[in-house]
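A.B. asks: mind folding the following:
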Amino acid sequence: MELNIPYGKQHITDEDIEAVVKALKSDYLTQGPKIEEFESKFADYIGCKYAVAVANGTAALHLCALALSIKEGQKVITTPITFAASANCIRYCGGEVVFSDINPQTYLLDIQKVRHLLESAPKGTYKGIIPVDFAGRAINLEEFRNLADEFGLWIIEDACHAPGGFFLDSNNIKQYCGNSKFADLAIFSFHPVKHIATGEGGMITTNNELLYKRLIKLRSHGIIRSSNEFINDINWASGISNSSMENQNFPGWYMEMQELGYNYRLTDFQSALGISQLKRADSGIEKRSQIAEKYNEAFSVCKFIKGQSGFLKGHAYHLYIIEVDKRLELYNFLKENKIFAQIHYIPTHLMPYYRQFGWKAGDMTNAEEYYTRCISLPMYPTLTESDQDFVINKIKEFYNG
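C.D. replies: Residues are numbered from 1 along each chain as shown. Presented below is the predicted three-dimensional model:
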């Protein structure tokens, strides 16, 4: 048994290490060919046209908000049960975050509550929705797309927890998280506890060519290097001051900063790690599903546990969450036994930063009730059966006395 059992953990193989070392020995540490290769392979895996590799999931969200031209005071709806970055990206652009409650059965943004928000305000009040595939469970984006179209909204899908996850659409066809068939943009994270790890890192996916081109520009300082998009005069760019001379082509060094962008690039050696990890993505999902099924079986007859009833097809199982009484006592008991569970998440609307905008306890009753009971158990592909048995037995021991 491991000395410590965390809630999540990266899996780095010799093949991963070899891929990174090869990239480190190449001519490029950054802005080289591995980035485009990673983007292309990730887009194929997800099933979308375009992918843009970035520094982390938060950068991905920020770039999406910028690409969609969020302005001061514009309102965007998201869930309170998510990592704060899902909301913060709107604040980075000066927009206003409006939280809407979760469905207590799925823990996902409740579409009926979102509809109520939209119908209770003049049309045009809201600009977009950021639904989250929380814990790896795919939200039904077809339903959200229909709602968004009705009210003229865009959608950013936060799919950080769910590469490989899917839902069945109205035609019973699998729709994979982030394939951007229904969302304008989707984002992923490659933090070490995620399905694919690059240390830090993220990806944006889309089927919209105009958004894709803007993201590429915004990712790298707002700079472009394509001569057919240059704005300045060719002679000025070439440094030619003599009006009798004329240059036919822009010089090789020339580039233009056309808007305020950021340095949100991913490196080549991180991309090499991502490419290697991507090869194991499906087997990682399969292993996570096996772990979830074992938890389900073990806890199905436990009256002290609520949630995670039955195996869910299409769930990517980034997290395995149960709801319990005496949550703090259980958390401390597991910690004493070297099991490091986690809580996902503290409702974002009750973070001190967001309370300043008037959010208070009682605004999101489902999310707040969920928070008092939720706990995330160890869930990662290298979790051994004996370690999982130890976790299960310790939880039963705690409640059975």
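A.B. asks: contacts for whichever helix or strand Ile216 is part of?
C.D. replies: Using DSSP states H and E, Ile216 falls within helix 209-219. The contact list for helix 209-219, computed with Cβ atoms under 8 Å, 6 or more residues apart in numbering, reads 49-50, 52, 54, 63-64, 66-68, 184-185, 204, 206, 223-224, 258-259, 261-262, 264-265. Placement of C-beta: from N, CA and C, glycine included.
A.B. asks: helices or strands next to the lengthiest helix in the chain in the packing?
C.D. replies: Looking across the chain with DSSP state H, the single longest helix is helix 281-299. The contact analysis (3 or more Cβ pairs under 8 Å, 6 or more residues apart in numbering; DSSP states H and E) places helix 281-299 against strand 320-324, helix 385-400.
A.B. asks: go again using 10 Å as the cut-off
C.D. replies: helix 33-46, strand 305-306, strand 320-324, strand 374-377, helix 385-400 (3 or more Cβ pairs under 10 Å, 6 or more residues apart in numbering; DSSP states H and E).
A.B. asks: by mean pLDDT, show me the worst of those.
C.D. replies: Among the helices and strands packed on helix 281-299, strand 305-306 carries the lowest mean pLDDT, a mean of 84.
A.B. asks: which other helices and strands contact it?
C.D. replies: Against strand 305-306 (3+ Cβ pairs under 10 Å, 6+ apart) you get helix 281-299, strand 320-324, helix 365-373, helix 385-400.
A.B. asks: please look at Val21 and Ser276 and confirm they touch.
C.D. replies: No. Contact criterion Cβ atoms under 10 Å: Val21 and Ser276 do not qualify, at 11.0 Å.
A.B. asks: follow the chain on from the helix holding Ile216 and name the next helix or strand.
C.D. replies: Defined by DSSP H and E, the subsequent element after helix 209-219 is strand 223-224.
A.B. asks: who's in contact with that following strand?
C.D. replies: 213, 216-217, 230-231, 255-259, 261 (Cβ atoms under 10 Å, 6 or more residues apart in numbering).
A.B. asks: for ChimeraX, write the select line for the buried members of the residues you listed.
C.D. replies: In ChimeraX, a selection of the buried entries from these looks like this (16 or more other Cβ atoms under 10 Å):
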select :213,216,217,230,256,261
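A.B. asks: closest to Pro33 among the contacts of strand 223-224?
C.D. replies: Nearest to Pro33, judged by Cβ to Cβ, of these is Ile216 at 15.5 Å.
A.B. asks: using CSV, please lay out the helices and strands packed on helix 281-299 together with mean neighbour count.
C.D. replies: Formatted as CSV, these follow (neighbours: other Cβ atoms under 10 Å):
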stretch, mean neighbour count
helix 33-46, 19
strand 305-306, 18
strand 320-324, 22
strand 374-377, 22
helix 385-400, 15
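A.B. asks: and these as a markdown table, adding distance to Gln105?
C.D. replies: Output for the helices and strands packed on helix 281-299, formatted as a markdown table (distance: least, Cβ to Cβ, whole Å):
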| stretch | distance to Gln105 |
| --- | --- |
| helix 33-46 | 27 |
| strand 305-306 | 10 |
| strand 320-324 | 11 |
| strand 374-377 | 13 |
| helix 385-400 | 22 |
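A.B. asks: so for Tyr295, which of those sits nearest?
C.D. replies: Per Cβ to Cβ, nearest to Tyr295 of the helices and strands packed on helix 281-299: strand 320-324, 5.6 Å.
A.B. asks: can you tell me, leaving aside adjacent residues, what's nearest to the residue nearest the centre of the chain?
C.D. replies: Centroid-nearest residue in the chain: Cys160, 2.2 Å away (criterion: Cα atoms, centre = their mean). Using Cβ to Cβ, 6 or more residues apart in numbering and skipping residues adjacent in sequence, the residue nearest Cys160 is Ser189, 4.0 Å away.
A.B. asks: give the contact list for the one you found.
C.D. replies: Taking Cβ under 10 Å, 6+ apart as the test, what Ser189 contacts is 54, 56-61, 83, 85, 158-161, 163, 195-198, 200-203, 318.
A.B. asks: again, but for Arg115
C.D. replies: 100, 143, 147, 150-151.
A.B. asks: try it again with 7 Å
C.D. replies: Leu147 (Cβ atoms under 7 Å, 6 or more residues apart in numbering).
A.B. asks: please report how far it lies from Leu147.
C.D. replies: 6 Å (Cβ to Cβ, to the nearest Å).
A.B. asks: follow-up on the earlier one: same drill for Val21 and Ser276, tell me which one is more crowded.
C.D. replies: With neighbours defined as other Cβ atoms under 10 Å, Val21 and Ser276 compare such that Ser276 has more, 22 against 12.
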